[in-house]
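Participant: Coordinates for the following, if possible.
(2 chains)
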Amino acid sequence: MTTFPVEKIRADFPILKEKIRNKPLVYLDNAATCQKPQAVIDSISHLYMHEYANVHRGVHTLSVKATDRYEGAREKVKQFINANSTKEIIFVKGTTEAINLIAQTFAKANIGKGDEILITAMEHHSNIVPWQMFCEETGAVLKVAPINLHGELIFDEFEKLISDKTKLVSVVHMSNALGTVNPVKKIIAAAKAKNIPVLLDGAQAIPHMSVDVQDLDCDFYAFSGHKLYAPSGIGVLYGKQALLEAMPPYQGGGDMIRKVTFEETEYNTLPYKFEAGTPSIADVVGLGAAIDYLTEIGMDNIAAYEAELLDYATEKARKIEGLRIIGDAKEKGAILSFVLDKIHPHDIGTMLDSLGIAIRAGHHCAMPVMDFFEVPATARASFAMYNTKEEIDVLMNGIEQLIEVFG
Amino acid sequence: MFDDLRDLYQEVIFDHNRNPRNFRVMDDADRQVEGFNPLCGDRLTLFLKLDGDVITDASFQGSGCAISTASVSLMTEIVKGKTEAEAETLFTQFHEMTTGKEENVDLEAIGKLAVLAGVREYPARVKCATLAWHTLDAALKNEASSISTE
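Facilitator: Numbers count the residues shown, from 1 in each chain, chains lettered A, B, ... in the order given. Got it, this is the predicted structure:
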């Protein structure tokens, strides 16, 4: 065991002291959303209590302070994912909006009838539906690279699907339903060989590992704050500057313009061109605080600790008769998706809830993945840096008990 | 260990989940409707045999959680021999029991279905219990070949 300071970290998350149905909360639904440390909560209340005004507008002191905080967070994001410039960091509502933004700007400008967009069979609905909508509107074609029974991308098949017609590869970095971590460097290299831009859906990957967008050489990277211990309603679209410069704007409004007359409008420079309207200022500041918090712990330390948790949980789960793990990729993040013989995931979810354990039961917004594994739904325990082996014991004990009750 | 759940998971529910009643395809059904709850993946096909406005037989196929399986199993038992109007009244009563005001529920009419009253305390599970009845409602109104709770 590493000397990961899990008890100290737990103490930083007030909600972990809550009792659920008179039992200590065991929160294992982190792939849906993560809990927030005191530092993030405090950063938001501090802003509202002492430094809040609109950004990029007033000459007054508070507006300058709020703008400093807001732009300071952009700098933190830039460093966190090692972007080349803060111009490449666009604040959006979340991963879903980031992908929709690409569909409505980059894709509209560069992809047309008969062109192809390549995704994988393990995508979240948010990396399927925007492309289906786009294809319906434009006559472009959506191609889907298959996965194997371990829940891994079949890379040869993926490569075969790259053609002269492929205009964008949009792939999940880490699957929310299976935990699979895709070989994104190989994927990007294969696409780059044919000059095809790559968008990575990093919603699940970002809280679990170091992400370096320059090292990856991806063109776009999307993630949500709320899965990164930051507030909900805020997320990031990273894009290479040259691509962002060439893209048409997304929404029209204030802040995204430089000059407006009734005859024409001159758009603002990056990143503001893509940030119309008053942004979610406090949530951006909260995201900055979450990044500070995580940086101090170290993403590599978090990854190592979570790998231990996953190994421990997997080993224990394998010993339970009638439990089938859905998704056992070699490269996997801290997600344990499973089904039990003759017990529906919703019954598992309700039963575990009565023991204070929060897991997700359902299709995880990845219905095609459920169809592939021929299950209506799965139960999913997803781990975060504040979870412990003792909590995994509580989970496994609960599963064994409920199997007994269902008989 | 699961003491808190006794109101939700009564023994009758476990029994119907393990051994669902009327779990069969009906080749000569007069009505056949599929019910689907996309949120949890529960899926059932309901078959009805009618003589005039009397339900002479009811059966189902499909898969779902214990609550939805028990609910449809109990429903196929209770509606047999009932007129369409009586079945609709039961649907209204069932709906009231699971989502409405307790005092409006006619316990005598609801009979055995009362074992499902516990879902009212679990809003996330109400749809599991009502899927069967929404499917029956669609079958009686003959309005669709499939219905969805979402």
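Participant: And residue A:361, its phi and psi?
Facilitator: The phi/psi pair for residue A:361 (degrees, to the nearest 10) reads phi -130, psi 130.
Participant: which one is whichever residue of chain B sits closest to chain A nearest to, not counting chain neighbours?
Facilitator: Closest contact between chain B and chain A, by C-beta to the nearest C-beta, is at residue B:41 (2.8 Å). Quick note: C-beta positions are derived from backbone N, CA and C, even for glycine. Once flanking residues are discounted, residue B:41 sits nearest to residue A:376: 2.8 Å by C-beta to C-beta, 6 or more residues apart in numbering or on different chains.
Participant: give the contact list for the one you found.
Facilitator: Contact partners of residue A:376, counting by C-beta atoms under 8 Å, 6 or more residues apart in numbering or on different chains, are A:344, A:345, A:363, A:370, B:40, B:41, B:42, B:43, B:63, B:64.
Participant: related to what we said a few turns ago, go ahead and confirm the residue of chain B closest to chain A touches residue A:370.
Facilitator: Yes - between residue B:41 and residue A:370 there is a contact under C-beta atoms under 8 Å: 6.7 Å.
Participant: how about whichever strand or helix holds residue A:402, does it reach chain B?
Facilitator: According to DSSP states H and E, residue A:402 maps onto helix A:389-406. Yes - Helix A:389-406 lies within reach of chain B by C-beta under 8 Å from any C-beta of the partner chain, at A:401, A:402, A:405, A:406.
Participant: Number of residues surrounding the second one?
Facilitator: With neighbours defined by other C-beta atoms under 10 Å in any protein chain shown, the count for residue A:402 comes to 22.
Participant: hang on, isn't it packed against residue B:5?
Facilitator: No - if you go by C-beta under 8 Å, residue A:402 and residue B:5 don't touch, sitting 9.6 Å apart.
Participant: shared neighbours, the two?
Facilitator: Contact criterion C-beta under 8 Å, 6+ apart; residues shared by residue A:402 and residue B:5: residue A:351.
Participant: Could you list the contact residues of chain B toward chain A?
Facilitator: B:1-2, B:4-5, B:8-9, B:14, B:17-18, B:38-43, B:63-67, B:122, B:124-125, B:128.
Participant: Now residue B:48. Its backbone dihedrals?
Facilitator: phi -130, psi 140.
Participant: Contact partners for the residue lying closest to it once chain neighbours are set aside?
Facilitator: Nearest residue to residue B:48, sequence neighbours excluded (C-beta to C-beta, 6+ apart): residue B:31, at 4.1 Å. Counting by C-beta under 8 Å, 6+ apart, residue B:31 touches B:46, B:47, B:48, B:50, B:139, B:140, B:142.
Participant: backbone phi and psi for residue B:31, please?
Facilitator: Backbone geometry at residue B:31, expressed as degrees, to the nearest 10, gives phi -130, psi 140.
Participant: domain assignment for chain A?
Facilitator: A:6-30+A:298-401, A:41-296 (automatic domain parsing).
Participant: Make CSV from those domains and add mean pLDDT to it.
Facilitator: Listed next are the domains of chain A as CSV, based on pLDDT from 0 to 100:
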stretch, mean pLDDT
domain A:6-30+A:298-401, 96
domain A:41-296, 97
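Participant: Any chance of these in JSON lines with distance to residue B:107 as columns?
Facilitator: Formatted as JSON lines, the domains of chain A follow (distance: least, C-beta to C-beta, whole Å):
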{"stretch": "domain A:6-30+A:298-401", "distance to residue B:107": "25"}
{"stretch": "domain A:41-296", "distance to residue B:107": "43"}
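Participant: hey, where'd the strands end up in the stretch 51-200 of chain A?
Facilitator: A:89-92, A:116-120, A:141-145, A:166-172, A:198-201 (DSSP state E, counting those that start in this stretch).
Participant: out of these, nearest to residue B:134?
Facilitator: Of all those, it is strand A:141-145 that lies closest to residue B:134, at 32.8 Å by C-beta to C-beta.
Participant: Please point out which parts of the closest one sit buried.
Facilitator: For strand A:141-145, the neighbour count (16 or more other C-beta atoms under 10 Å in any protein chain shown) marks A:141, A:143, A:144, A:145 as buried.
Participant: List the residues that contact the closest residue to residue A:77 other than its chain neighbours.
Facilitator: The shortest distance from residue A:77 to any non-neighbouring residue, by C-beta to C-beta, 6+ apart, is to residue A:89 (5.0 Å). Counting by C-beta under 8 Å, 6+ apart, residue A:89 touches A:74, A:77, A:78, A:83, A:236, A:238, A:271.
Participant: What about the residues you listed, which one has the most neighbours?
Facilitator: residue A:236 (30 neighbours).
Participant: still on that earlier bit, so the residue nearest to residue B:41 belongs to a helix, correct?
Facilitator: No - counting by DSSP: H, G, I helix; E, B strand; the rest coil, residue A:376 is not part of a helix but coil.
Participant: ok, now how distant is it from residue B:32?
Facilitator: 20 Å (C-beta to C-beta, to the nearest Å).
Participant: Report how many residues lie close to residue A:149.
Facilitator: Residue A:149: 10 surrounding residues under other C-beta under 10 Å.
Participant: residue ranges of the helices in chain B, please?
Facilitator: B:11-18, B:66-79, B:84-99, B:107-110, B:126-141 (DSSP state H).
Participant: right, so of these, which gets closest to residue A:216?
Facilitator: Set against residue A:216 and scored by C-beta to C-beta, the helices of chain B come closest in helix B:126-141, at 41.6 Å.
Participant: Please work out which residue of the stretch 1-150 of chain A is closest to chain B.
Facilitator: The minimum distance from the stretch 1-150 of chain A to chain B, using C-beta to the nearest C-beta, falls at residue A:21 (5.8 Å).
Participant: so what's the backbone phi/psi at the residue in the stretch 151-300 of chain A that chain B sits nearest to?
Facilitator: Nearest residue of the stretch 151-300 of chain A to chain B, counting by C-beta to the nearest C-beta: residue A:177, 12.8 Å away. When read as degrees, to the nearest 10, the backbone of residue A:177 gives phi -90, psi -30.
Participant: surely it meets residue A:360?
Facilitator: No - using C-beta under 8 Å, residue A:177 is not in contact with residue A:360; the gap is 9.6 Å.
Participant: list residues touching both of those two?
Facilitator: Joint contacts of residue A:177 and residue A:360 (C-beta under 8 Å, 6+ apart) are residue A:380.
Participant: Tell me which of those two has more neighbours.
Facilitator: More crowded of residue A:177 and residue A:360, by other C-beta under 10 Å: residue A:177, with 30 against 23.
Participant: wait, what's in contact with the more buried one?
Facilitator: A:122, A:124, A:326-327, A:335, A:337, A:363-366, A:369-370, A:378, A:380.
Participant: Could you report the neighbour count for residue 129?
Facilitator: Answering for chain A, as no chain was given. Neighbour count of residue A:129, defined by other C-beta under 10 Å: 16.
Participant: that's the other chain; I wanted chain B
Facilitator: Residue B:129 has 30 nearby residues by other C-beta under 10 Å.
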